[in-house]
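# generate a structure from the sequence data that follows.
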Amino acid sequence: MPGITDVPIILVIACVTGISSSPSRLKTINVQTQFPRWPNPSAIPYYIDPAYTPVEQALIKAAMQKVSDDMSGCVGFTPVAPTSTDFKVKITPVQIDGTTPEQFCYSYPGMYKEGTKTEQRLVLSRGTTGCFDGNVRSLMKYFAVLLGKRNEHQRADRDLFITVDNAAVQANELSKSAYRLYTATEAYSGAFPYDYCSITHNKPTEFASPGGKSFTVNKAPFFIPALPRLSNTDCQLISLMYRCDRTKCAPLDCAGLPAPKPSVNGTLPTGGAPLSCTIPNQKQKVLQLLKAFETRDVQPFAYVNPNKYIQHNLDAADGIGNVQASVASLTDAVRVNTVRIFQDGDYVWAHTEYQFGIDIVIAIDMFRFENGLIVEHWDNIQSTAGPNPSGHTMIDGPTLALDWQLTEQNKALVKEFYQTVLVNGDVSQMARFYAGDALIQHNPSVADGLSGLQKGMAAFVAAGTPIRIAAIHHVLGEGSFVLVTADGTFGSEPTAFYDLFRVEKGKIAEHWDVLQAIPPQSQWKNQNGKF
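Presented below is the predicted three-dimensional model:
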């Protein structure tokens, strides 16, 4: 984020937002490899147990069709014979013995090909603890889970949004496991805001003892809306998994629904303001704060700790007041195009193109959070250049992190490359970090390929501006994207290096960077240093 004298840097991204069997069958995005995506999502094979009545079978088919419609046909379900050799889903109300009724409903989150079996079970049970209440929505949940959309109420950050009353949850294994928080090795949810409107979010009465509530809602709208469709977040997530057209998802955040607050006696009055069913997570707070440079909206400054804001932009003093003054002093129009944003624990970083008047810059902003508030900020800013020799710009390319389960592995790979090749200077080791000559390069002066990188580095040396890295300061990652910040020199000039890498199949596949000169300490407006 810029200082008072800097060109502002901002970004914009759509709000989007991850199993238990009898402890591990249900839960936002899978990390567990035993539950892969369906290979042909538009025609997932299934058959319905004849133990269901014709009316029940019609409801099941209606639920599947509604999920397919909400996904604009990108996903779908195709009936096959029980004897089909295709791997398929058996939709049933009974246990494996074929006669004993199941007591609860569940689905595996994705395809679960167990041994030599040719089918997996999806249980839609009857009774007071089942999901046949005459409402198609109640069945849709399990088909969304089947696609890989894990239960919203089991996210790792769940306790910020609902409070589970374990004493009120039914005293059986499946009921207890329904509210167990899943771990980072099971599911990933940090990229998306918590969604009260998700089709996979339980209602307070689910798995509760008679007359009780399994949980209470901590924040507005103070209840769980029952949308008759997939929420925008559900659709966005499934679209990401199956490469569907996300622009076809329903409007964002349950817009237009009433958002009542409970009265003194706990009842819900009618009417109220339009509902926003998602609560800003750390990424969205950063997005809104940076966007304020364009909109001049003061509300996002509430996401910054008013008593602690450590600034590493050397053109700006500490404290959020200086940022607010920067926004207030802007006279030219600001255009913001944030292309990608990532998170690693308490750190969020954003990669953005800003236009301030006639000036266009590329920047990476990095923020650190404490207790939900921003307390520290770093950035690197570079004037944009035209396409590089291979036709890539400084900002184009993939934007979404994949392979979240490999985050730590990818961070270790990039750190080893950076330390070995760039800090220690052992260029003989460079090739082992790349898949042959395959490298997509976004540095404005360097061509694609390992060969392009080697030629580019040689050209810098020949021009009298060799790059020398002194020390690594941060290594942050989300899935396939890893950011390294470091200091060194570009020629003889002290320089901050922000290098963003995309890793694919254990090799560096793509690279972006933002370089900025470090001014003499006598010119610093704070004493926190660049890093």
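
# residue 473 contacts residue 499, doesn't it?
No - look at residue 473 against residue 499 with CB atoms under 8 Å: they stay out of range, at 11.5 Å. All C-beta atoms are positioned from the backbone trio N, CA, C, and that covers glycine.

# more neighbours, the two?
Between residue 473 and residue 499, residue 499 has the larger neighbour count (other CB atoms under 10 Å), namely 23 against 16.

# SS state for the more buried one?
strand (DSSP: H, G, I helix; E, B strand; the rest coil).

# relative to residue 151, how far out is it?
According to CB to CB, to the nearest Å, residue 499 and residue 151 sit 37 Å apart.

# over to residue 458?
53 Å.

# now swap in residue 493 and tell me
The value you get for residue 493 to residue 151, if CB to CB is used, is 52 Å.

# those two: which has the busier surroundings?
Neighbour totals were compared for residue 493 and residue 151, and residue 151 leads with 27 against 11 (other CB under 10 Å).

# could you check how far the more buried one is from residue 428?
Separation of residue 151 from residue 428 (CB to CB): 50 Å.

# show me where the stretch 301-450 of the chain has its strands.
In the stretch 301-450 of the chain, the strands defined using DSSP state E, counting those that start in this stretch lie at 310-311, 334-344, 347-356, 359-370, 373-383, 440-441.

# got these as a markdown table, with distance to residue 112 and mean neighbour count columns?
Listed next are the strands of the stretch 301-450 of the chain as a markdown table, based on distance: least, CB to CB, whole Å; neighbours: other CB atoms under 10 Å:
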| stretch | distance to residue 112 | mean neighbour count |
| --- | --- | --- |
| strand 310-311 | 47 | 18 |
| strand 334-344 | 29 | 21 |
| strand 347-356 | 34 | 23 |
| strand 359-370 | 36 | 21 |
| strand 373-383 | 41 | 21 |
| strand 440-441 | 35 | 20 |
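
# so which of those comes closest to residue 179?
Nearest to residue 179, of all those, is strand 334-344, at 24.7 Å by CB to CB.

# where along the stretch 151-300 of the chain do the strands fall?
162-164, 187-188, 194-195, 215-217, 278-279.

# ranking those strands by burial, who's on top?
Stretch with highest mean neighbour count among these: strand 194-195 (a mean of 26; mean count of other CB atoms under 10 Å).

# closest one to residue 206 among the strands of the stretch 301-450 of the chain?
Residue 206 sits nearest to strand 334-344 of all the strands of the stretch 301-450 of the chain, at 29.8 Å, using CB to CB.

# got the angle between that closest one and strand 347-356?
On the basis of axes from the mean of the first three to the mean of the last three CA atoms, to 10 degrees, strand 334-344 is oriented at 170 degrees to strand 347-356.

# sheet partners, orientation included, of strand 334-344?
Counting by DSSP bridges, the strands paired with strand 334-344 are strand 347-356 (antiparallel).

# one step back: between residue 473 and residue 499, which contacts overlap?
Overlap of the contact sets of residue 473 and residue 499 (by CB atoms under 8 Å, 6 or more residues apart in numbering) consists of 485-486.

# and the strands of the stretch 151-300 of the chain, which one is worst for confidence?
Among the strands of the stretch 151-300 of the chain, strand 278-279 carries the lowest mean pLDDT, a mean of 48.

# re earlier: of the strands of the stretch 151-300 of the chain, which is nearest residue 421?
Of all these, strand 187-188 comes closest under CB to CB, at 29.7 Å.

# elements contacting the closest one?
If you count contacts as 3 or more CB pairs under 8 Å, 6 or more residues apart in numbering; DSSP states H and E, strand 187-188 packs onto strand 29-30.

# tell me the mean pLDDT over the strand it packs on?
Strand 29-30 comes out at a mean pLDDT of 62.

# just the mean pLDDT for the helix or strand following it, thanks.
The helix or strand immediately downstream of strand 29-30 is strand 44-48, counting by DSSP states H and E. Averaged across strand 44-48, the pLDDT comes to 98.
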